[in-house]
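Enquirer: Sequence unavailable; structure follows:
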DNA sequence: GACAAACACGAGCGGTCGCTCGCATTCTTG
DNA sequence: CAAGAATGCGAGCGACCGCTCGTGTTTGTC
């Protein structure tokens, strides 16, 4: 057995091929954005890229692979550019700052790459992309959970998890509103989303700072 | 010209036909729920209803008409059962009560009719359903605007509109979370959505009642 | 019972879509 | 330059889908 059955022989790509791949992915992003994944035909993607259907299938085994490759590149770019937004948050950071920074980063990424939203929120996406989305979703939820738990060590875990899911859901709804507007209105909606999240979380953690309520707690204050 | 060109002759339906129509709509609701509108094939709907494709087209001119009829019936049922949730709100009602009642009503309706969510939020719905959804959306936004305006007569209209859109977006995100859970967890998420909305709106209207802030305003207080 | 209208069937038509295949062209390598 | 690999083309295959049509069955009316 000279060849391993599972190992696909790595075709030696020429520079031309790499250019075609990038071109096809760009065309696919455009078509996915305007029509969604299922409604996007491979012939339309090839036409948008100015090549023939056969050429498209020279570089991608099937339609799903196009979306997967696009999703992988977006994920990589996201982790590279905004990975720190996923990093554990310093508990000393004011709530407004932490929420504002995270929201700004993710909204900026989605505004720069609208196809990300189209791929992740389509109801008809291929299984692999759905897996990636679920993984990202779970990562974000656990990050938010960690932040909340560091602020509310005595809260029931189920409540923390639920609150984290609500935060992420609110962010996604806000993202949709933000992407639907432009310019000053877009900024105003971004501001509103931060307000929603801050006002939602403030009563939970607000007693740590500056706004003491007579709830009888004796938790230590930072600063 | 003995016949009016635009007037479709009303076929005399027998009781059997009405039963078939209800049966087909129920099957369509089931298929739409599980696969979405575009991915649902008319053959699958007919199979689910236990009839042949030809029978389906005895009662519906095309696939879109099935979704439209389903949407119309849902809209009618919604207006009949929960129309009062759309009615103008008495400005004297406490915020918690108004928000809680509206959220409860709409969430109950969506839990009873999950196909409503599938039809209204699919990205591939036919134009007529999209129109109905937009109309409903606009109605809800203007209702919320009216409520907000009655509480904040001196706020810029653009801000009121934006706040209304944010409220509706938050509600929709919450609806998705609520529908994804069951039992006690579902109730807990419902409670959280109300919290998000109340805490978001409270700082805007809270100064009308009990929690005066030294913002220097001299607006008259009710009660 | 006679007759027409409504109901029911399911093979199949026209069309689209994902994808293939045979062949031409361009690049790399020796 | 020659040979082979990578790239490029586009007609078209097979499958599926929305929908039709000819035919047969049930129901209502006289």
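Expert: Nice, thanks for sending it over. From a predicted model like this one, the values you see are computed outputs, not experimental measurements.
Enquirer: packing partners for the one helix or strand residue A:75 maps to?
Expert: Using DSSP states H and E, the element containing residue A:75 is helix A:63-82. For helix A:63-82, the packing partners by 3 or more CB pairs under 8 Å, 6 or more residues apart in numbering or on different chains; DSSP states H and E come out as helix A:15-35, helix A:42-49, helix A:95-112, helix A:114-121, helix A:127-151. Placement of C-beta: from N, CA and C, glycine included.
Enquirer: burial measure for the closest residue to chain B within chain A, as a count.
Expert: For chain A, the residue closest to chain B is residue A:173, as judged by CB to the nearest CB, at 3.6 Å. Neighbours of residue A:173 under the rule other CB atoms under 10 Å in any protein chain shown: 23.
Enquirer: Residue A:93 now?
Expert: Residue A:93, neighbours per other CB under 10 Å, totals 12.
Enquirer: Got the domain ranges for chain A?
Expert: Under the assignment automatic domain parsing, the domains of chain A span A:15-60, A:68-207.
Enquirer: Okay, buried residues for the helix or strand harbouring residue A:204 please.
Expert: Taking DSSP H and E as the criterion, residue A:204 maps to helix A:183-205. Counting neighbours by 16 or more other CB atoms under 10 Å in any protein chain shown, one finds that the buried residues in helix A:183-205 are A:186, A:189-190, A:192-202, A:204-205.
Enquirer: Show me which residues of chain A sit near DNA strand C.
Expert: A:14-16, A:40-44, A:53-54, A:57, A:61-64 (CB under 7 Å from any atom of the strand).
Enquirer: Give the burial count for residue A:61, as a bare number.
Expert: The burial count for residue A:61: 9, using other CB under 10 Å.
Enquirer: SS state for it?
Expert: Judged by DSSP: H, G, I helix; E, B strand; the rest coil, the three-state class of residue A:61 is coil.
Enquirer: got the contact list for it?
Expert: By CB atoms under 8 Å, 6 or more residues apart in numbering or on different chains, the contact list for residue A:61 is empty.
Enquirer: Same check on residue A:172?
Expert: A:121, B:173.
Enquirer: again, only using 10 Å
Expert: If you count contacts by CB atoms under 10 Å, 6 or more residues apart in numbering or on different chains, residue A:172 has them with A:106, A:110, A:117, A:120, A:121, A:137, A:140, A:193, B:169, B:172, B:173, B:176.
Enquirer: could you give the mean pLDDT of whichever helix or strand the last one is part of?
Expert: To tie it back to what came earlier, the one meant is residue B:176. Take DSSP H and E as the rule and residue B:176 turns out to sit in helix B:157-179. Averaging pLDDT along helix B:157-179 yields 98.
Enquirer: If you count neighbours, what's buried in it?
Expert: Going by 16+ other CB under 10 Å, helix B:157-179 has these buried residues: B:160-179.
Enquirer: Correct me if wrong: residue A:66 contacts residue A:41.
Expert: No: Residue A:66 is beyond contact range of residue A:41, at 11.5 Å (criterion: CB atoms under 10 Å).
Enquirer: who touches both of these two?
Expert: When contacts are counted by CB under 10 Å, 6+ apart, residue A:66 and residue A:41 are jointly contacted by residue A:31.
Enquirer: Neighbour count for these two, which is higher?
Expert: Set residue A:66 next to residue A:41 and count neighbours by other CB under 10 Å: residue A:66 wins out with 26 against 13.
Enquirer: can you tell me which residues contact that one?
Expert: A:21, A:24-25, A:27-29, A:31-32, A:37, A:40, A:42, A:45, A:56, A:59-60, A:126.
Enquirer: Kindly recompute the last result at 8 Å.
Expert: Residues in contact with residue A:66 (CB under 8 Å, 6+ apart) are A:24, A:25, A:28, A:42, A:45, A:56, A:60.
Enquirer: Check what pLDDT the residue lying closest to residue A:163 once chain neighbours are set aside gets.
Expert: Nearest residue to residue A:163, sequence neighbours excluded (CB to CB, 6 or more residues apart in numbering or on different chains): residue A:148, at 5.9 Å. On the pLDDT scale, residue A:148 is placed at 90.
Enquirer: got it, and the one 5 residues further on?
Expert: Turning to residue A:153, the model gives it a pLDDT of 91.
Enquirer: helix or strand for it, which one?
Expert: Short version, using DSSP H and E: residue A:153 is in no helix or strand.
Enquirer: on that earlier part again, closest one of the contacts of residue A:172 to DNA strand D?
Expert: Taking CB to the nearest atom of the strand as the measure, DNA strand D sits nearest to residue A:121 out of the contacts of residue A:172, at 22.3 Å.
Enquirer: what about that closest one, how many residues close to it?
Expert: 14.
Enquirer: any idea how far it is from residue A:153?
Expert: From residue A:121 across to residue A:153, the span is 34 Å (CB to CB, to the nearest Å).
Enquirer: just for chain A, where's the confidence low?
Expert: By pLDDT under 70, the weakly predicted segments of chain A are A:1-10, A:85-86, A:88, A:206-223.
Enquirer: 50 - rerun?
Expert: A:1-8, A:209-223 (pLDDT under 50).
Enquirer: ok, back up a step: neighbour-wise, which one of the residues of chain A next to DNA strand C leads?
Expert: The member of the residues of chain A next to DNA strand C surrounded by the most neighbours (other CB under 10 Å) is residue A:40, with 23 neighbours in all.
Enquirer: and that residue, which of the three is it?
Expert: Quick answer, by three-state DSSP: residue A:40 is coil.
Enquirer: wouldn't it be in contact with residue A:29 here?
Expert: No: the pair residue A:40 and residue A:29 does not pass the contact test of CB atoms under 8 Å, sitting 10.1 Å apart.
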